Structure formats: structure tokens, C-alpha cells
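# Coordinates for the following, if possible.
(one chain, ligands or ions: 1)
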Amino acid sequence: MTALAAVTAGQWVRRAAAVLKEAGVEAAGLEARVLAGHVLGLSAADVVLEADRPLKPGQRAAADRLLRRRVAGEPLQYLIGRAEFWSLTLEVSPAVLIPRPETEHLVESVLEHVRGTAVSRPLLADLGTGSGAVAAALAHELPLARVYAVDIDPRALATARRNVTRLGLAGRVTLLQGSWCRPLLAAGLRGRLDAVAANPPYVALEEAAGLAAQVRCFEPPVALFTGADPLSAYRAIVAGAPALLKPGGLLALEVAPHRAGQVAELLERCPRLEAVRIDSDYAGRPRVVSALRGPAVPPRGERR
Ligand SMILES: C[S@@+](CC[C@H](N)C(=O)[O-])C[C@H]1O[C@@H](n2cnc3c(N)ncnc32)[C@H](O)[C@@H]1O
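Residues are numbered from 1 along each chain as shown. This next block holds a predicted model:
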């Protein structure tokens, strides 16, 4: 076994950046600093300040291992075990989707609705919570809100639980295992929620080949794929969510831009929903489809 040559943090970063660039990684320099920082227990910015610090042999070996995995396509966030979302740092594990910046529009839709209706103690739900990103952002922004976060995958819920606990939100975020709306109905939330948000899986299996290898090979299939029908998760959510919402409550769904029209049509066809809307992200692509729960149907005797 040959001993690894001694290198400083700066030397390792320069070499790693070149290797990553060669492998087609866009932000090669930044990613190299993040990887070095992860091994050294420093921020990427501090790696620059500590460029002359020598890497110990164990650190050099660990950094080289991470570099090889990154070159093989593994997302940076899985390698360092965290991702930024909203203003929060979240733990990510291979059991959860890496939260995407575009999902922040889903959070914004719910915040706009809740702030516009001035409910003092909103009850909210995040279906398919994954890392808990949407639920945590909502609970963080709305200090009097209670958020119910549902996922079918217990391993995802374990990651979400660590996130809400570390962020001090565990007292207001309730994690429930099960399929879409069912655990919420079972928890007695019928007609009580001010908003239901979801970023469900929306890639049909036949579309899998079109995904970037970094996504297809490393992110959890249950978070990405829907089987043959790309709208199946939306259909299940639209079938269950209106019963959970208060009259005037919001259902907000993240969509792939090319599916926005079809999801809007699903919402239009639901007799208990109204005011269907499509909102775009900062790039102008349709991103969130939403609707409001219509007024409650009065009990039989009261109908005119
Ligand atoms: C696209 S990911 C979204 C994760 C997270 N909300 C985000 O935006 O980063 C979809 C999530 O839905 C969950 N999921 C898939 N099928 C489900 C079902 N039938 N009921 C509840 N959650 C489900 C997956 O485990 C995954 O965490």
C-alpha cells in the first residue's frame, strides 16, 4: 500500500475542482470546497481561508473517496448529508428526495393563502413530506401553525423526524405514516385543515430514461415514479383532500411544467373545488396548481 502524498486543503481543492470539471460538474470549484469542508469540518468559505492547512492521511483518503463518488454521479447533498431549502439546512438521506428550489413556490402558495385569510392558528398538511422540507418551512414561517406531515415510507419519516427535531419544530409538526390523505382522515382531521400541500411523485416509468442519471440512479424511486399513470398520485390526492379542507381551504400541488394543464383539469373536474389557478416559478414555468375548497353544502333541511 503506498502512502498518500501530503497535500494542503488548497492543493486538494484545486485538483478536485479540475477532476469534477472534467466529469462535467458545473459548479466544480464550489463543490470541491464543499467536499473538502465536509471532511475538515469547515464551511466552504473557511476552506479558502484555511487553504494552507495540511490534510491528514485519513482526511485525504476520505476526501478522495467522496470525490470518486461525486465523479460517479452521486449528488453532492447525499455525500455531505445535507441540503439547503428555504432558509433551513436539512439532513438528507438516500431515503428522501433532495429538496429542490422550485418547491419553495409550493411553500409560498400556502403562506400567501394563510396570511391572506388571517387564520390565527392554521392547521396545515404536507403530503409526501420526504425530508420534511415543506412542513418544516411552513412551521418555521408560521409560528402558530400546526403541520401534519405524511409519507408512505418510514425511512423518509425517520429523516423528517430528525429534521423537525433539530430545527425545534417537533412540537408543531406531527409525522404520520400512510398513503396521502388516509392517515389525516384517520386522525380526525376531516373538514379542519386550512391548507393541504403536496409535491407528489410525477414521473411515469416510461419517462425514466429522460431523467438525469444523477436523479434516476440515486434518488428514491418511491419519490420519483408513479407507475404507468403519471397523474396517479394527483388523482389520489384530489379524491381525498377536499374532505380534509375547511370551506375556503387551499389545495396546492407542485407539478412538472408539462403536466400543469392536466392537473388543473383534474381540479376543475372535482365538484368540491373551485378557483383553480396555475402559478409559475421564477423561470416562468407553470409550477403550482391550486384550488379552494368550495362552500360547505348545507345539511338537507337547510337547503333552499
Ligand atoms: C417528490 S417527493 C417530495 C418530497 C418533499 N415533499 C420535497 O418536496 O422535497 C414525493 C414523496 O412522496 C412520498 N410518497 C410516495 N407515495 C406516497 C403515498 N402513496 N402516500 C404518501 N407519500 C407518498 C415519497 O416517499 C416521497 O417522500
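# any idea of the mean pLDDT for the helix or strand containing Ala156?
When elements are defined using DSSP states H and E, Ala156 is found to belong to helix 154-166. For helix 154-166, mean pLDDT rounds to 98.
# Report the distance from it to the chain centre.
Once both centres are worked out by CA atoms, centre = their mean, to the nearest Å, helix 154-166 turns out to sit 13 Å from its chain's centre.
# tell me which residues of it are tucked away?
Buried positions in helix 154-166, judged by neighbour count with 16 or more other CB atoms under 10 Å: Ala156, Leu157, Thr159, Ala160, Arg161, Arg162, Asn163, Val164. Heads up, the C-betas are built off the backbone N, CA and C, glycines and all.
# Check stretch 41-56 too.
For stretch 41-56, the buried set under the neighbour-count rule, 16+ other CB under 10 Å, comprises Leu42, Ala44, Asp46, Val47, Ala51, Arg53, Leu55.
# got it, and stretch 226-243?
Neighbour-count burial for stretch 226-243, counted by 16+ other CB under 10 Å, picks out Thr226, Pro230, Leu231, Ala233, Tyr234, Ala236, Ile237, Val238, Gly240, Ala241, Pro242.
# which residues sit against the strand or helix carrying the fourth one?
Spelled out, that is Ala233. Using DSSP H and E, Ala233 falls within helix 232-244. Counting contacts by CB atoms under 8 Å, 6 or more residues apart in numbering, the residues outside helix 232-244 that touch it are 125, 127-128, 179-182, 184-185, 189-193, 196, 198, 200-202, 226, 229, 251, 253, 255, 263, 266-267, 270, 272-273, 293.
# Please repeat the previous calculation with a cut-off of 6 Å.
Residues lying outside helix 232-244 but in contact with it, judged by CB atoms under 6 Å, 6 or more residues apart in numbering, are 180-181, 184, 189-190, 193, 196, 198, 200-201, 226, 251, 263, 266, 270, 272-273, 293.
# Kindly report the same for stretch 36-54.
Residues beyond stretch 36-54 that count as contacts (CB under 6 Å, 6+ apart) turn out to be Ala6, Thr8, Ala9, Gly10, Trp12, Val13, Arg33, Val34, Gln59, Ala62, Ala63, Ile80.
# Find the pair from these with maximum spatial separation.
Of all pairs drawn from the contacts of stretch 36-54, the widest gap by CB to CB lies between Ala6 and Ile80 and measures 24.0 Å.
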